[in-house]
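**Q** Provided below are the primary sequence and the corresponding predicted coordinates.
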Amino acid sequence: MPEQVSELLIERQGHDGRGIAHHNGKIVFVEGALAGESVSIRIVKTHRRFDEAVCETIHTPSPDRIEPACEYYQQCGGCGLQHLSLERQREVKQTALVDQLERFGKLSDIPVQDALVDAAWGYRRKARLGVKWNRHGDLIIGFREKGSSHLVAIKHCAVLHPEMSALIPSLYDLIPELESRKTIGHLELAYSDEGCALVVRHLKGLSHKDQLLWLNWAEEHKVQLYWQKDQADSLVKASLESGKVITLSGDQLPVLSYRHNDVTLAFQPNDFVQVNPAINRQMVDQALEWLQPKESDVVLDLFAGFGNFSLPLAKKVASVTGVEGASNLVQRARANAELNGIENAIFEVADLSQSFKGLSWAKTRYNVVLLDPPRTGAQAICEQMKALGAKRVLYVSCNPSTLARDSAILAEQGYKLIRAGIMDMFPQTAHVESMALFERGSKKKKS
């Protein structure tokens, strides 16, 4: 049976948002508890060196505790820090960044910059909704439960762009009318300057009746509608013209877009895109501010996506080479360069988890390298950084632990950390997005 602990003092906040305490000589990670609180807990999972628990009763609440704004907070696994004040959330994330850089990056006197912040709600422009039917025959549309693969049925989501959230109730009305209602995999929502888009992933072909139902719904709600039979199939853009179903695919597909200053970035609704547009704008501006690009700079942008950093940089430097592992994003980046009339940016496909020695783009000497890797970080790249000739390295990270590991690797190659700080890309969650600037052979600048 799970062990009940009647009273426990939470000593500090963990990097994942859980409270940290000690019990019977072991560390205990407590879901839903805050630093300084006295709580009763229930241990739900034991390990050799630590236990995991949930908070059952709060005897002495923290002054930082607030009432969660979302009615689905207790079940949904999406926004686990709603019970913590927004100011304190950001302090926890900044502390997590510094702690990781000190402990695993072996750095000290870290020059921390102010966090980039914006709206706490309604910020997401991209989301994937699961679709299931329970054993009682009830439709469930939503996100996964905390620590489970089961879905939580939601009728709205406070962190989604309001126009996207407002579509959810109408989907509960539409899907039960479909012949294919049991073969929908999931729904992918995206928001752009052109409005809402929806990708319907389905396991079987759609009947003419279902196509018309979807298209009438899309027309009524002013949504760009896409179908995708499975993950491997290409997107199909669907619309109604004079009552007739029209589909576009491949190069015919229209694109969604967003604008940053004088650059337009086009993307497809299933492309990877930074989900928080307001923070993304600040992030790109901060990258330009920190790098202080010069007309003579030769820049390498690794994990370049469809040109989010590359193209704004290209407007200010001699040349930019963007390298990305996903060929579809490279094609999109090339198209975006052409869309913006940018001729000094080229894009290449490469597996950046491997050695780049011998690849054509790696033979150029770059004085600036920017990298925005996935959660696994960029160990292979950082181990080869000196060979690229970079004087300045700007590292955009979505995982402080891999940033810390890679910072230690860069330090071994003579790079010093000049400044670092978080960007609150995901308010209400424990996810930490950060930026760090390194220079070779330079003294630290005062922040």
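**A** Sure, I can see it.
**Q** Mind telling me what element the nearest residue to residue 395 once chain neighbours are set aside is part of?
**A** Using CB to CB, 6 or more residues apart in numbering and skipping the chain neighbours, the partner closest in space to residue 395 is residue 436 (4.8 Å). For every residue, glycine as well, the C-beta is placed using N, CA and C. Element membership for residue 436, per DSSP states H and E: strand 433-440.
**Q** Residue 278 too?
**A** Residue 278 belongs to helix 277-291 when assigned by DSSP H and E.
**Q** Same check on residue 421?
**A** Going by DSSP H and E, residue 421 is part of strand 415-423.
**Q** ok, now residue 333?
**A** Going by DSSP H and E, residue 333 is part of helix 327-339.
**Q** For that helix, give the mean pLDDT please.
**A** Confidence for helix 327-339, expressed as mean pLDDT, is 96.
**Q** what packs against it?
**A** Other elements packing on helix 327-339 under the criterion 3 or more CB pairs under 8 Å, 6 or more residues apart in numbering; DSSP states H and E are strand 263-267, helix 310-314, strand 319-324, strand 345-349.
**Q** How about the third one, which residues are buried there?
**A** Buried residues in strand 319-324, counted by 16 or more other CB atoms under 10 Å: 319-324.
**Q** So what touches that strand?
**A** 298-305, 307, 310-311, 313-314, 330, 333, 344-350, 352, 361, 364, 366 (CB atoms under 8 Å, 6 or more residues apart in numbering).
**Q** please redo it, this time with the cut-off set to 6 Å
**A** The contact list for strand 319-324 (CB atoms under 6 Å, 6 or more residues apart in numbering) reads 298-302, 304, 310, 313-314, 330, 333, 344-348, 350, 361.
**Q** Buried subset of these as a ChimeraX selection?
**A** Only the buried entries of those go into this ChimeraX selection, using 16+ other CB under 10 Å:
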select :298,299,300,301,302,304,310,313,314,330,333,345,346,347,348,350,361
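**Q** Lowest-scoring secondary structure element of this structure by mean pLDDT?
**A** strand 4-9 (a mean of 86; mean pLDDT, DSSP states H and E).
**Q** Could I get the helices and strands packed on helix 327-339 in JSON lines, plus columns for mean pLDDT?
**A** Shown next, in JSON lines, are the helices and strands packed on helix 327-339 (pLDDT from 0 to 100):
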{"stretch": "strand 263-267", "mean pLDDT": "97"}
{"stretch": "helix 310-314", "mean pLDDT": "98"}
{"stretch": "strand 319-324", "mean pLDDT": "98"}
{"stretch": "strand 345-349", "mean pLDDT": "98"}
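**Q** With residue 117 as the reference, name the closest of those.
**A** Across the helices and strands packed on helix 327-339, residue 117 has its closest neighbour in helix 310-314 (20.9 Å, CB to CB).
**Q** Tell me how far that closest one lies from the chain's centre.
**A** 21 Å (CA atoms, centre = their mean, to the nearest Å).
**Q** before we move on, what about stretch 273-282?
**A** 9 Å.
**Q** For that stretch, which outside residues touch it?
**A** Outside stretch 273-282, the residues touching it (CB under 6 Å, 6+ apart) are 116, 118, 123-126, 260, 267, 423, 425.
**Q** Over to stretch 378-396?
**A** The contact list for stretch 378-396 (CB under 6 Å, 6+ apart) reads 287, 291, 302, 352-353, 365-372, 406, 409-410, 413, 435-440.
**Q** circling back to that earlier point, only the buried residues of the helix holding residue 333, if you could.
**A** Those would be 329-330, 332-337, 339, for helix 327-339 by 16+ other CB under 10 Å.
**Q** okay, those in CSV with distance to residue 49 next?
**A** Below are the buried residues of helix 327-339 laid out as CSV (distance: CB to CB, whole Å):
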residue, distance to residue 49
329, 40
330, 44
332, 45
333, 45
334, 49
335, 51
336, 48
337, 51
339, 53
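**Q** Let me know the angle separating the helix holding residue 333 from strand 263-267.
**A** Counting by axes from the mean of the first three to the mean of the last three CA atoms, to 10 degrees, helix 327-339 lies at 150 degrees to strand 263-267.
**Q** now helix 327-339 and strand 345-349, what's the angle there?
**A** 170 degrees.
**Q** next helix or strand past the lengthiest helix in the chain?
**A** For the chain, the helix with the greatest residue count under DSSP state H is helix 86-103. On the C-terminal side of helix 86-103, the closest following helix or strand by DSSP H and E is strand 126-133.
**Q** Direction included, what does that following strand pair up with?
**A** With DSSP bridges as the test, strand 126-133 is paired with strand 139-144 (antiparallel), strand 184-192 (antiparallel).
**Q** ok, the residue in the chain sticking out farthest from the centre to residue 218 distance?
**A** The C-alpha centroid of the chain is most remote from residue 242, which lies 39.6 Å away (CA atoms, centre = their mean). Using CB to CB, to the nearest Å, residue 242 is found at 16 Å from residue 218.
**Q** ok, so of the buried residues of helix 327-339, who is nearest residue 132?
**A** residue 329 (30.2 Å).
**Q** ok, now which ones touch that closest one?
**A** Contact partners of residue 329, counting by CB under 6 Å, 6+ apart, are 305-306.
**Q** Count the neighbours of residue 363 for me.
**A** Number of residues near residue 363 (other CB atoms under 10 Å) recorded here: 10.
**Q** So what does it look like in phi/psi?
**A** phi -80, psi -10 (degrees, to the nearest 10).
**Q** Return the residues in contact with it.
**A** No contacts exist for residue 363 under CB under 6 Å, 6+ apart.
**Q** what's the answer for residue 415, then?
**A** Residue 415 neighbours (CB under 6 Å, 6+ apart): 438, 440.
**Q** circling back to that earlier point, how many neighbouring residues does the residue nearest to residue 395 have?
**A** 28.
**Q** Okay, it and residue 368: tell me how far apart.
**A** Distance from residue 436 to residue 368, by CB to CB: 14 Å.
**Q** my guess is residue 56 meets residue 39, correct?
**A** No. Under the contact definition of CB atoms under 6 Å, residue 56 does not touch residue 39, with a separation of 7.3 Å.
**Q** In this structure residue 218 contacts residue 227, no?
**A** No. If you go by CB under 6 Å, residue 218 and residue 227 don't touch, sitting 10.7 Å apart.
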